[in-house]
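K.L.:
Sequence and computational prediction follow.
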Amino acid sequence: MADKPITAVIIDDHAVVTAGVRYWCATAEPPIELVDAGARLANVWTGPGGDADVVIFDLQLNGEQQEFRELRRLVDSGRRIVVYTQDAHNATAVRCVELGALAYVTKREGPEHLVAAVRAAAKGFAYTPPSLSGALVADEDPNRPRLAPQEIAALRAWFASSSKRLAAEMLGISVKTVDTYIERVRIRYASVGRPAPTKSDLVARALEDKLITLSELNNTT
Amino acid sequence: MPDTSGSQTAQRFLLGLRLAALLITVVILLSLSLPNLIRSLPHYRPAWVQVTAFFVVSMVCVVEGVLALRRRGWGPLRWVALAATIAAYAACYTSLPEHGAITLADWAFGNIGWVGVILLVDRRLWELIAFLALNETITVTALVLSGGTDRTTLLSAAALSINTIGFPLAGAVAATALRSIARAAEDAAHQAEQVRLAEAIAEGLHERRRQRFANIYNTTIPLLHGLASRSLDPHDDSVQRRCAIEAARMRRLFAEIDVVPNPLVHELRHCADVADRKGILVELDSRGHWPDPPLEIRRALTEAPLAALATARSWARVTVVGTDELLSVSVIADCGQIELPTIAADGAQIKTIIDHDILWVETQWPTNRSQQSSSTTTL
């Protein structure tokens, strides 16, 4: 199983984005197999795209409109989604997380974040790049989960520095602890709002791994 | 309300005029008209018409008194009162004793003009003239109908009319003149106010310029002196850094006077622009909301980013995060160890780490509303 390469399908209406992502995937270590769905959603559901582990999803497919409905449909069918978009608005990012996307990567962010997001999503883990971290720390939705002060500090430091090592140094904790705090934030988000398979998987595994306790989760809202 | 200038001076003038006209009318009414009315009461045919007319005129005075004290105009009631006054005046002539017009029994003749002034003092002059002309016509008509067409009667009517028309008219002319003076005075006061305002603005501007000059005096001027006297070498790395920082500081000063919705990010953008022009890759990302911090807090928040951006070698990332509790401005850049200017600001905290040539400075300012209000109340 460890030898089987990760496969991802990309749906994006800009050929240059697909070409760039293909290059990043090919040069990643180990490489990621990329299927090009073009701008056709059908190719994500059937054929080689239908079997891919991860969907790299352009939120603004075909113009201005954001494809939240399609995102929800894919999530509900159990697909693991990495939203890849030029939209850097807080509300959009939070909404995608709330719908069940495992990662939200803006197109300003480099290959290190997209590749890391695809790898994490393939295993069913969430990935939080700096821009999403900033969006979560500034989330003003009254229904947002309540975060612990250390978790907020970790989100802010990761957003500001784009480096887990520096964030850990600034906060005087280990890189692993920074990761844990950020992961816990995602689990808190996964435990509120509408149910989605990817979200319940995150919460179930976190409880199993004792990353968060049930009472901590209940304090979330 | 027509023809009432909104200015306060004109309003005060008008109130004075109204009270003066009312006082004159009441004095005439009580000291001349009332005794004459009482004395002639047995001769009227019938007397109740005269008493009713006197009551109408008295009521006009009472209502005017109330309205004037409440600083209110007559409004549509004016025309009702005018019609009632004219009707009462005409009715008086139907119940006078024979040859009673313009005699002492004709008590209304002496004060009707002043009642007109009461009702029309805030209107255009020609309306009062029309009112007086109408009443004079009623008097002359009554005189002619009662057979008083002899020369003596007509001459004495003309002589008496000088009093009854002339004085009220003179009063109204004076009122018109005063109103236009009041308006001119108001304009002059307004102009003087404008001049004072312009002076105050100029003074404030000058003070701010002086303040800005003081802001750069301690840091920019010594640098310029050093360069001019060649005691500082422009090829020296540290001198170049100082120049870059001073340039950024001046850019920020210029940005501080702009009126923009988000001054903090606006000033940071100007600081970033300095780095951008040198070909440095700058990311500026702000998230969340915060109350606009006062200038000295903004300076404290932008000081470290300013220095880091001005001296960055290839890249810098500036982030602003505003949450309910905290406003955090963070800059991370490959500027190496630089001496960070510290500006003492109330409640602001600075955290710095250095990793090889990467410097990360975060300035935090508590925005917690309840905390701030309690600290301001204890001051």
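P.N.:
Right, received. Where do you want to start? What you see is a predicted model, and the numbers here were worked out from it, not measured in a lab.

K.L.:
Helices along the stretch 201-350 of chain B, start to end?
P.N.:
Here the stretch 201-350 of chain B has its helices, by DSSP state H, counting those that start in this stretch, at B:220-228, B:237-256, B:263-277, B:295-311.

K.L.:
To B:A81, which of those lies closest?
P.N.:
Counting by CB to CB, B:A81 lies closest to helix B:263-277 out of these; the figure is 59.9 Å. Quick note: C-beta positions are derived from backbone N, CA and C, even for glycine.

K.L.:
hmm, that closest one touching chain A?
P.N.:
No: judged by CB under 8 Å from any CB of the partner chain, helix B:263-277 stays clear of chain A, getting no closer than 13.3 Å.

K.L.:
Run the chain-centre distance for that helix.
P.N.:
Taking CA atoms, centre = their mean, to the nearest Å, one finds helix B:263-277 lying 38 Å from the centre of the chain it belongs to.

K.L.:
roughly how far apart are B:L19 and chain A?
P.N.:
61 Å (CB to the nearest CB, to the nearest Å).

K.L.:
in what helix or strand does that residue lie?
P.N.:
Using DSSP states H and E, B:L19 maps to helix B:8-28.

K.L.:
pLDDT score for B:W107?
P.N.:
pLDDT, B:W107: 85.

K.L.:
quick one: contacts for it?
P.N.:
B:L32, B:S33, B:L34, B:N36, B:L37, B:S40, B:Q50, B:F54, B:C92 (CB atoms under 8 Å, 6 or more residues apart in numbering or on different chains).

K.L.:
burial measure for whatever residue of chain A ends up closest to chain B, as a count.
P.N.:
Closest approach between chain A and chain B, counting by CB to the nearest CB: A:A138, at 3.1 Å. By the measure other CB atoms under 10 Å in any protein chain shown, the count of residues near A:A138 is 22.

K.L.:
How about the residues of chain A by chain B?
P.N.:
So chain A meets chain B at A:88, A:90, A:108, A:131, A:134-135, A:137-138, A:140, A:152, A:156, A:159-163, A:165-166, A:169-170 (CB under 8 Å from any CB).

K.L.:
quick one on the thing from earlier: can the helices of the stretch 201-350 of chain B go into JSON lines with extra columns for distance to A:E29, mean pLDDT and mean neighbour count?
P.N.:
As requested, the helices of the stretch 201-350 of chain B are exported to JSON lines (distance: least, CB to CB, whole Å; pLDDT from 0 to 100; neighbours: other CB atoms under 10 Å in any protein chain shown):
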{"stretch": "helix B:220-228", "distance to A:E29": "49", "mean pLDDT": "89", "mean neighbour count": "14"}
{"stretch": "helix B:237-256", "distance to A:E29": "39", "mean pLDDT": "84", "mean neighbour count": "18"}
{"stretch": "helix B:263-277", "distance to A:E29": "33", "mean pLDDT": "88", "mean neighbour count": "20"}
{"stretch": "helix B:295-311", "distance to A:E29": "33", "mean pLDDT": "87", "mean neighbour count": "24"}
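
K.L.:
what about the strands in chain B?
P.N.:
B:281-288, B:315-322, B:326-333, B:349-355, B:358-366 (DSSP state E).

K.L.:
Please identify the most buried of these.
P.N.:
strand B:326-333 (a mean of 25; mean count of other CB atoms under 10 Å in any protein chain shown).

K.L.:
For the helix holding B:L19, which residues meet the burial criterion?
P.N.:
Buried positions in helix B:8-28, judged by neighbour count with 16 or more other CB atoms under 10 Å in any protein chain shown: B:9-11, B:13-14, B:17-18, B:21-22, B:24-26, B:28.
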